[in-house]
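Asks: Structure for the following, please:
(one chain, ligands or ions: 2)
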Amino acid sequence: MKVLVSDSLSEEGVAKLEEHFDVEVSTGLSEDELVEKIGEFDALVIRSGTQVTARVIEAADKLKIVGRAGVGVDNIDIPAATEKGIIVVNAPEGNMLSAAEHTIAMMLSMARNIPQATASLKAGKWERKKFLGVEVNGKTLGVIGLGRIGAEVAKRAQGLEMNILAYDPFVNEDRAKELGVELASVKNIAKRADFITVHTPLTKETRNILDTEEFDLMKPTARVINCARGGIINEDALGQALKNDKIAGAAIDVFTNEPPENCSFVGLENAVVTPHLGASTEEAQVNVAVSVAEEVISVLNGGPARSTINIPSIKPEIMSTIYPYLELAETLGSAVSQLMDGNYEKVEIAYKGDVAGKDTRHLTLAALKGVLKTIMGAAVNYVNAPSIAKSRDIEVIESKSERVEEYSSSITIKLSKDSISKSITGTVVEDDLRIIMIDGQRVDLAPSGYMIVSNHINRPNVIGPCCMILGDNEINISGMQVGRVQICGKTIMALNVDSEVSEDILEQIRHVDGIIDAKLVSL
Ligand SMILES: NC(=O)c1ccc[n+]([C@@H]2O[C@H](COP(=O)([O-])OP(=O)(O)OC[C@H]3O[C@@H](n4cnc5c(N)ncnc54)[C@H](O)[C@@H]3O)[C@@H](O)[C@H]2O)c1
Ligand SMILES: O=C(O)[C@H](O)COP(=O)(O)O
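Replies: Ligands and ions are numbered 1, 2, ... in the order given. Here you go, the predicted model:
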């Protein structure tokens, strides 16, 4: 498989990818060049420099994943990717501390005029009086957006003995108390704060969250910082506020257009500016590159991703508790769908015991992916599985019961159409997947490789001839389970075999007297 890296990525990330794939690093591509190239790649790894537009997505015939080595995904057309079944992942935590530290660095640089004083001294001047600064100690910092980076900034500013006001509609009083911050509205922050820093994504609600109206409310000594996204602070309004001394300064790392062209404040004396350096530390770049490389490796090898943008993201602490169940759900889905020959209208997924208390959204997606891949192959993934099910009028029903029965957790997937149904139940025992029931009959099987699942009449001289047929065809049986029912009742037999079984051999098994049906399940 081929991976295109179209922005500069740390060597560690590239090397990790190269262990598994054919990797091409081509930076600085125009949209047209990317459109022309992208068709041959299975994965695209980017930072903020590459615009993954609808045109790029449209041309991306083999693309399965876009990996963003960083946080912001505003340079990716997510709806277009989702529609095409392309997973978008980011690395939300790897550069968070670097971005928080850069924000503090920008605040202190601005407070003490460090960049301006450096430039002056380098120009041969000695202007001590001109660069009179302010302390941050005891001052109020307004934090707009109290997520990962906002919270880290607040923590560090508290270390500098600043008081924190925060605005984030998704943060409650308990969280604010835990962080030792006072919640306030944007207008209230504008009136009271000495420094204001923004740490939200750029959305239609956050675009221009600090605008002329807010600058009008600010103290003339106020200073603003943007290390999040260009456009959260209205750039023209900021230019006016700085020129008219409505506020004392601005420290800006990000711009509406990067690099900025004809920006109203970049050249101003009271503006400190950096070229989008928030994440540019050795540590952050290794973190994000390795994290995204791991995601790409997992997804291209058919596994799950932890930080998907276009399906609900899985926090590492949740991932660690559901990981084996993700694999189980997908495996059971695939197995039961093969037993049903892909012919079903309803998918019922039942979680029992401890697993029912976990976040099962991803498990349901995994189950659905497993079920659908029998008919859709690799075209189905975690992103498009629900929409594929919907477009095929497949009803998906999830149920949960935390009551613990024989196993502490189990997942059952039942497929049905009219009066015909097939079901399969599995569990995880010390990280090993087990199938514990097929069509309501107890078995105990390791779901791997190939399995022949048959129904037969429970009487002598049925199992033996089936095994003979396999033996005659040099197919080794590595495990066997027969369901427990009364003599002469219908029972299930599941054979783990070491190699694929042809339709011809299966047909011979189906002709054994007493065999009702036989299917090959390939996992
Ligand atoms: N300069 C850089 O190099 C750099 C580096 C990393 C991240 N970033 C940017 O920093 C920003 C924050 O990243 P993060 O990882 O902390 O994200 P995050 O998702 O952890 O936090 C964002 C916070 O913004 C809040 N929010 C959303 N809408 C809001 C609104 N209308 N008003 C107020 N708050 C709102 C959310 O509730 C959330 O708490 C993003 O824009 C990201 O792209 C920049
Ligand atoms: O969103 C981010 O992670 C930052 O803006 C960093 O962007 P970069 O990877 O282009 O430095």
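Asks: Name the residues of the stretch 201-350 of the chain found near ligand 1, please.
Replies: 201, 203, 205-206, 227-229, 253-254, 276, 278-279 (CB under 6 Å from any ligand atom). For the C-beta atoms, the positions are set from N, CA and C on the backbone; glycine is no exception.
Asks: among those, which are in strands?
Replies: Using DSSP state E, no member of those falls in strands.
Asks: Which members of those define the maximum pairwise distance?
Replies: The largest separation in those, counting by CB to CB, is between Glu205 and Ala279 at 23.6 Å.
Asks: So between those two, which is more surrounded?
Replies: A direct count of neighbours by other CB atoms under 10 Å for Glu205 and Ala279 places Ala279 higher, at 26 against 10.
Asks: how about that one, what does it touch?
Replies: 70-71, 95, 98-99, 285, 288 (CB atoms under 8 Å, 6 or more residues apart in numbering).
Asks: Name the member of these with the most neighbours.
Replies: Val288 (28 neighbours).
Asks: any idea of the pLDDT on that one?
Replies: For Val288, the pLDDT comes out at 97.
Asks: One more: Ala378?
Replies: 53.
Asks: List the contacts of stretch 250-266.
Replies: With CB under 8 Å, 6+ apart as the criterion, stretch 250-266 contacts 48, 102, 106-107, 109-110, 223-231, 233, 235-236, 238-240, 242-243, 270-278.
Asks: Return a PyMOL selection command for the buried portion of those.
Replies: The following PyMOL line selects those of these that are buried, judged by 16 or more other CB atoms under 10 Å:
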select buried, resi 48+102+106+107+109+110+223+224+225+226+227+228+229+230+231+233+235+238+239+242+270+271+272+273+274+276+278
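Asks: in the stretch 401-523 of the chain, which segments are predicted with low confidence?
Replies: 484-488 (pLDDT under 70).
Asks: hey, where'd the helices end up in it?
Replies: According to DSSP state H, counting those that start in this stretch, the stretch 401-523 of the chain carries its helices in the segments 463-472, 503-510.
Asks: Looking at those, which is nearest to ligand 1?
Replies: helix 503-510 (51.8 Å; CB to the nearest ligand atom).
Asks: Pull the residues that contact the closest one.
Replies: Helix 503-510 is contacted by residues 452, 454, 466, 469-470, 473, 475, 515, 517-520 when judged by CB under 8 Å, 6+ apart.
Asks: repeat that with 10 Å
Replies: With contact meaning CB atoms under 10 Å, 6 or more residues apart in numbering, helix 503-510 is reached by 452, 454, 456, 465-470, 472-473, 475, 493, 495, 497, 501-502, 515-520.
Asks: Buried by neighbour count, from those residues: which ones?
Replies: Buried residues within those, counting neighbours by 16+ other CB under 10 Å: 452, 454, 456, 466, 469-470, 475, 493, 495, 497, 501, 515, 518-520.
Asks: Which member of those is positioned nearest ligand 2?
Replies: Leu520 (46.9 Å).
Asks: what about the closest one, distance to ligand 1?
Replies: 46 Å (CB to the nearest ligand atom, to the nearest Å).
Asks: Can you give me every residue that contacts that residue?
Replies: Neighbour list for Leu520: 338-339, 450-454, 495, 497, 500-503, 505-506, 509 [criterion: CB under 10 Å, 6+ apart].
Asks: Could you list which of the contacts of stretch 250-266 also contact ligand 2?
Replies: Okay, of the contacts of stretch 250-266 touching ligand 2 (CB under 6 Å from any ligand atom), that's 48, 276, 278.
Asks: just the residues you listed: which has the poorest pLDDT?
Replies: Lowest pLDDT among these: Ser48, with 94.
Asks: Correct me if wrong: it contacts Ala228.
Replies: No: counting by CB atoms under 10 Å, Ser48 stays clear of Ala228, with 11.9 Å between them.
Asks: who touches both of these two?
Replies: Joint contacts of Ser48 and Ala228 (CB under 10 Å, 6+ apart) are 71-72, 254.
Asks: Ligand 2 next: which of those residues are close?
Replies: Within these, those near ligand 2 by CB under 6 Å from any ligand atom are 71-72.
Asks: For the closest residue to ligand 2 within the stretch 101-250 of the chain, which non-adjacent residue is closest in space?
Replies: Residue of the stretch 101-250 of the chain nearest ligand 2, by CB to the nearest ligand atom: Arg229 (7.3 Å). In space, and not counting its chain neighbours, Arg229 is closest to Leu202: 3.8 Å by CB to CB, 6 or more residues apart in numbering.
Asks: How about Gly138?
Replies: Glu161 (6.2 Å).
Asks: Could you list the low-pLDDT ranges of this structure?
Replies: 311-319, 376-381, 383, 484-488.
Asks: By proximity to ligand 2, which residue of it wins?
Replies: For the chain, CB to the nearest ligand atom, closest residue to ligand 2: Gly70, 2.6 Å.
Asks: State the three-state secondary structure for that residue.
Replies: Secondary structure, DSSP: H, G, I helix; E, B strand; the rest coil: Gly70 is coil.
Asks: picking that back up, and of the contacts of Leu520, the nearest to ligand 1?
Replies: Nearest member of the contacts of Leu520 to ligand 1, counting by CB to the nearest ligand atom, is Gln338, at 40.3 Å.
Asks: and the closest one, that's in a helix?
Replies: Yes: per three-state DSSP, Gln338 lies within a helix segment.
Asks: Bridging across strands, which residues link to the nearest residue to it once chain neighbours are set aside?
Replies: Once flanking residues are discounted, Gln338 sits nearest to Val521: 4.6 Å by CB to CB, 6+ apart. In this entry, Val521 is beta-bridged to Met451, by DSSP bridges.
Asks: mind listing what Val521 touches?
Replies: By CB under 10 Å, 6+ apart, the contact set of Val521 is 331, 334-339, 374, 424, 435, 438, 447, 449-453, 494.
Asks: Now a PyMOL select for only the buried ones of these.
Replies: This is how PyMOL selects the buried members of the contacts of Val521, with burial counted by 16+ other CB under 10 Å:
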select buried, resi 331+334+335+336+337+338+339+374+424+435+438+447+450+451+452+453+494
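Asks: looking at this, Lys37 is in a helix?
Replies: Yes: membership of Lys37 in a helix is supported by three-state DSSP.
Asks: Isn't it up against Ala59?
Replies: Yes: taking CB under 10 Å as the definition, Lys37 is a contact partner of Ala59 at 8.6 Å.
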